[in-house]
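Coordinates for the following, if possible.
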Amino acid sequence: MRCAKCGAENPEPKKFCGDCGKTFVPMPAPVAVEGQPGVYFCARHPKETTRITCGRCEKPICGNCTVQGPVGVRCRECAKNRVPIRPMGVLHSAGTSIERNAGKTVWYLAVWYFVVSIFTNLFGGHDT
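Numbers count the residues shown, from 1 in each chain. Next up, the predicted model:
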C-alpha cells in the first residue's frame, strides 16, 4: 500500500508511514472508467478521463494536472519544491539568450576572421 502523504510503498498497513513517519493514510484506489481498460478518472478533476499516471505516486492525472520534470510526468503534489521543465520555456530562454548575445557573437566572429586572415597572410596562405 502507498502512503497518501509521501507516496512511499509500505509492505503492510501500519500506524505510521515507514518513509515519512507521519500517520499512515492509504492512497485511495483509482476510479476506472467502465468499458475502457486502462482509463481512469483524474484524482483532482473527477470528470476528466486520462491514461496518464504520476511517475512517483502512480496517481491518475489529466493534462491540466501534469508537470513535466527532468525524470518524467509528475502530479502537482509530487512536483512541489522542484523546478518544472516546460519545453516552450526552454525554447523561449534559448531564443532570448541568442538575441541578447547576438552583438557579442558577431564581434567575436569578426575578430577571429581578422586573426585567421593575418596568420594566413604571414605564413604563406596566398601565392603572389
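
Give me the distance from the helix or strand hosting residue 104 to the chain's centre.
Assigned by DSSP states H and E, residue 104 belongs to helix 102-122. The chain centroid and the centroid of helix 102-122 are separated by 40 Å, computed with C-alpha atoms, centre = their mean, to the nearest Å.

Stretch 110-127 now?
The chain centroid and the centroid of stretch 110-127 are separated by 47 Å under C-alpha atoms, centre = their mean.

can I have that stretch written out in PDB, keeping just the CAs?
Output of stretch 110-127 as PDB, limited to C-alpha atoms (Å, rounded to 0.1, in the frame of the first residue of the first chain):
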ATOM      1  CA  ALA A 110      34.800  39.300 -36.900                       C
ATOM      2  CA  VAL A 111      37.900  39.300 -34.600                       C
ATOM      3  CA  TRP A 112      38.600  35.700 -35.300                       C
ATOM      4  CA  TYR A 113      38.200  36.300 -39.000                       C
ATOM      5  CA  PHE A 114      40.900  39.000 -38.900                       C
ATOM      6  CA  VAL A 115      43.200  36.900 -36.700                       C
ATOM      7  CA  VAL A 116      43.000  34.000 -39.000                       C
ATOM      8  CA  SER A 117      43.500  36.200 -42.100                       C
ATOM      9  CA  ILE A 118      46.600  37.700 -40.600                       C
ATOM     10  CA  PHE A 119      48.100  34.300 -39.900                       C
ATOM     11  CA  THR A 120      47.300  33.000 -43.300                       C
ATOM     12  CA  ASN A 121      49.000  36.100 -44.900                       C
ATOM     13  CA  LEU A 122      52.100  35.800 -42.700                       C
ATOM     14  CA  PHE A 123      52.600  32.100 -43.200                       C
ATOM     15  CA  GLY A 124      52.000  31.800 -47.000                       C
ATOM     16  CA  GLY A 125      48.300  31.400 -47.300                       C
ATOM     17  CA  HIS A 126      48.300  33.300 -50.600                       C
ATOM     18  CA  ASP A 127      50.500  32.700 -53.600                       C
END
